[in-house]
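Participant: Everything below, folded, please.
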Amino acid sequence: MRKVVIIGPPPVQILDVAGPLEVFSNAPDYEVILANPGAERSLQTNRTIVLGDATPSAEIVGPIDTLILVGGPGAESGIYDPEFIEWIASAAKRSRRVASICTGAFLLAEAGLLDGKEAVTHWNFCERLAREYPSVRVRSDPIYVRDGSTYTSAGITAGIDLSLALVEEDHGHEVSLRIARFLVMFLVRPGGQAQYSHMLSHQSTAATPLRELQVWMLEHLHENLTVEALAERVGMSARHFTRICLRETGMNPGQFVDRMRVEAAQQMIDSSPKGLKEIADASGFKSTEAMRRAFSRILGITAAEYANRFRSPLSRTSVSEKPMS
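Facilitator: You can find the predicted model right below:
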């Protein structure tokens, strides 16, 4: 049995614990141990719920397959028990791999396990992690990052994505996909995806008419979404609509439409075996060449490169796209 130890300084973020716990408990060949840094046999969470049947860290001996450090207010406090940090460093030496969920990355950094390595944490804490631990090469965008035998993940639910990826390493994609389906996961997200949708981030600040328009656009991406058509939809002049769009999103209407189409295409590439021509049509691009240019402009890679890099193994076929002459 592979020993998986999930531990963090209380209070821990409850989803940081529950996500990996559910994933590994539903996979074969794992012994999952919930641990407490102290002598208590329970673990306090950030929602006042106390998790029972925790094992004191001093009682965890022998080899560990996967050591998982979880985040939460205890990890975010910046005040760490030196004995616990020393335990992390020692336990890591007898672990096949070490991982952190969300702000658990601060614990790995404090223990020196991220020195010179790439790492990620919750997007709201990336700047702080980089500032407090300058030897860590912080990446703010990915869902999770692997650097050798060390893994770090972004905020909260990204711990589920990382756990599924670790199960996939051990047991293959079919097993991780079966667990994702059991957990009713929408899709198994690759680590290189962004932590959050740029379109989603704009919803928090966009004016109500623009938010409502965005919902409508998602269902009509295949239509001819000109500035005039969009402006008419929200009852504005084209000039006024352009000003509102720039103010609320930082993009002109054409860029806004392209961003939505690219994100829609990304989701289709991630979760289906559709070809690029079919995805381009469904996303509203006039051609695969138009989609290629939009991907290159927005993501820095073409749609074919994105598909070859991130499409799941079960639906992956090597794809290419030839620029139109």
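Participant: all helices for the stretch 101-250 of the chain, in order.
Facilitator: Taking DSSP state H, counting those that start in this stretch as the test, the helices found in the stretch 101-250 of the chain are 105-110, 126-132, 158-171, 173-182, 198-203, 208-218, 227-233, 238-249.
Participant: Make JSON lines out of those helices and add mean pLDDT, mean neighbour count and distance to residue 36.
Facilitator: (Glycine included, C-beta is placed from N, CA and C.) Formatted as JSON lines, the helices of the stretch 101-250 of the chain follow (pLDDT from 0 to 100; neighbours: other CB atoms under 10 Å; distance: least, CB to CB, whole Å):
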{"stretch": "helix 105-110", "mean pLDDT": "98", "mean neighbour count": "26", "distance to residue 36": "14"}
{"stretch": "helix 126-132", "mean pLDDT": "97", "mean neighbour count": "16", "distance to residue 36": "24"}
{"stretch": "helix 158-171", "mean pLDDT": "94", "mean neighbour count": "23", "distance to residue 36": "18"}
{"stretch": "helix 173-182", "mean pLDDT": "87", "mean neighbour count": "17", "distance to residue 36": "26"}
{"stretch": "helix 198-203", "mean pLDDT": "53", "mean neighbour count": "15", "distance to residue 36": "36"}
{"stretch": "helix 208-218", "mean pLDDT": "83", "mean neighbour count": "15", "distance to residue 36": "44"}
{"stretch": "helix 227-233", "mean pLDDT": "95", "mean neighbour count": "16", "distance to residue 36": "55"}
{"stretch": "helix 238-249", "mean pLDDT": "91", "mean neighbour count": "17", "distance to residue 36": "46"}
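Participant: With distance to residue 28 added, can I get the ones you listed in a markdown table?
Facilitator: What follows is the helices of the stretch 101-250 of the chain, written out as a markdown table (distance: least, CB to CB, whole Å):
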| stretch | distance to residue 28 |
| --- | --- |
| helix 105-110 | 27 |
| helix 126-132 | 34 |
| helix 158-171 | 7 |
| helix 173-182 | 7 |
| helix 198-203 | 35 |
| helix 208-218 | 39 |
| helix 227-233 | 51 |
| helix 238-249 | 46 |
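Participant: Low-confidence ranges, this structure, go.
Facilitator: Within the chain, the ranges that satisfy pLDDT under 70 run 186-208, 310-325.
Participant: Can you give the domain ranges for it?
Facilitator: For the chain, automatic domain parsing gives the domain ranges 2-182, 198-310.
Participant: quick one: the strands in the stretch 1-150 of the chain?
Facilitator: 2-7, 30-36, 42-44, 50-52, 55-56, 64-69, 95-100, 118-119, 137-138, 144-147, 150-153 (DSSP state E, counting those that start in this stretch).
Participant: Give me the contact list for the second one.
Facilitator: Where contact means CB atoms under 8 Å, 6 or more residues apart in numbering, the residues beyond strand 30-36 that reach it are 1-7, 10, 17, 21, 24-25, 42-43, 51, 53-57, 60, 65.
Participant: how near is residue 265 to residue 179?
Facilitator: 27 Å (CB to CB, to the nearest Å).
Participant: cool, residue 152 as well?
Facilitator: Counting by CB to CB, the gap from residue 152 to residue 179 is 21 Å.
Participant: What of residue 245?
Facilitator: Taking CB to CB as the measure, residue 245 falls 41 Å from residue 179.
Participant: Cross-check the contact I'm expecting between residue 279 and residue 265.
Facilitator: Yes - if you go by CB atoms under 8 Å, residue 279 and residue 265 touch, sitting 5.2 Å apart.
Participant: So those two - more neighbours on which side?
Facilitator: residue 265 (25 against 22; other CB atoms under 10 Å).
Participant: And the host helix or strand of the more buried one, what does it pack against?
Facilitator: Per DSSP states H and E: residue 265 is located in helix 253-271. For helix 253-271, the elements it packs on are helix 198-203, helix 208-218, helix 227-233, helix 238-249, helix 276-283, helix 288-299, helix 303-310, judged by 3 or more CB pairs under 8 Å, 6 or more residues apart in numbering; DSSP states H and E.
Participant: For residue 118, find the nearest of these.
Facilitator: helix 303-310 (16.5 Å; CB to CB).
Participant: picking that back up, please identify the deepest-packed of the strands of the stretch 1-150 of the chain.
Facilitator: strand 150-153 (a mean of 28; mean count of other CB atoms under 10 Å).
Participant: Neighbouring strands of it in the sheet, and parallel or not?
Facilitator: Here strand 150-153 has these sheet partners by DSSP bridges: strand 95-100 (parallel), strand 144-147 (antiparallel).
Participant: What are the contacting residues of that strand?
Facilitator: Under CB under 8 Å, 6+ apart, the answer for strand 150-153 is 97-102, 104-105, 108, 113-114, 117, 119-121, 143-145, 159, 161-162, 166.
Participant: In space, not sequence, find me the middle residue of this protein.
Facilitator: Centroid check for the chain by CA atoms, centre = their mean gives residue 143 as the closest residue, at 2.5 Å.
Participant: Include distance to residue 258 when you put the helices and strands packed on helix 253-271 into TSV, please.
Facilitator: Converted to TSV, the helices and strands packed on helix 253-271 look like this (distance: least, CB to CB, whole Å):
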stretch	distance to residue 258
helix 198-203	11
helix 208-218	12
helix 227-233	13
helix 238-249	12
helix 276-283	10
helix 288-299	5
helix 303-310	13
